[in-house]
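J.: Task: produce atomic coordinates for the following.
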Amino acid sequence: MTASKRASPRSLGSDLAKIAAHVIQPEEYDELPELTDDMLARETINKGGRPRSENPKKLISIRLPEAVIQKWRATGPGWQTRMAEKLSRVVPR
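T.: Okay, here's the model as predicted:
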């Protein structure tokens, strides 16, 4: 085991069974604030995720000799990115 990993997963510190069994009572609704038009006007929708790229990459399949692949892999992590950069500098005739 590595030092960076914990021996057991962290606990949430909550009694999840108790929370799942809770039934909301009518008086609990009084604690909720009233939604106003001003609140609704300020709302924004966050879809999350990454912003769309202006120049997205496209997946293709290409067959290369095993020796070529091994030479690129031997250059270490990021070899596919370096290969793509090198290919992008070559202008087809």
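
J.: what is the rounded mean pLDDT of the single longest helix found in the chain?
T.: The helix spanning the most residues in the chain, taking DSSP state H as the definition, is helix 79-89. For helix 79-89, mean pLDDT is 92.

J.: Give the buried residues for it.
T.: Under the neighbour-count criterion of 16 or more other CB atoms under 10 Å, helix 79-89 has M83 buried. All C-beta spots, glycine's among them, are computed from the backbone N, C-alpha and C.

J.: can you count the residues close to P51?
T.: 5 (other CB atoms under 10 Å).

J.: Per-residue pLDDT of it, please?
T.: pLDDT, read off for P51, is 86.

J.: and it, what element?
T.: Element membership for P51, per DSSP states H and E: none, as it lies in no helix or strand.

J.: Can you give me the distance of it to S88?
T.: As judged by CB to CB, to the nearest Å, P51 and S88 stand 22 Å apart.

J.: Pick out the residue closest to the middle of this structure.
T.: G49 (6.5 Å; CA atoms, centre = their mean).

J.: Having no further points to raise, I will conclude here.
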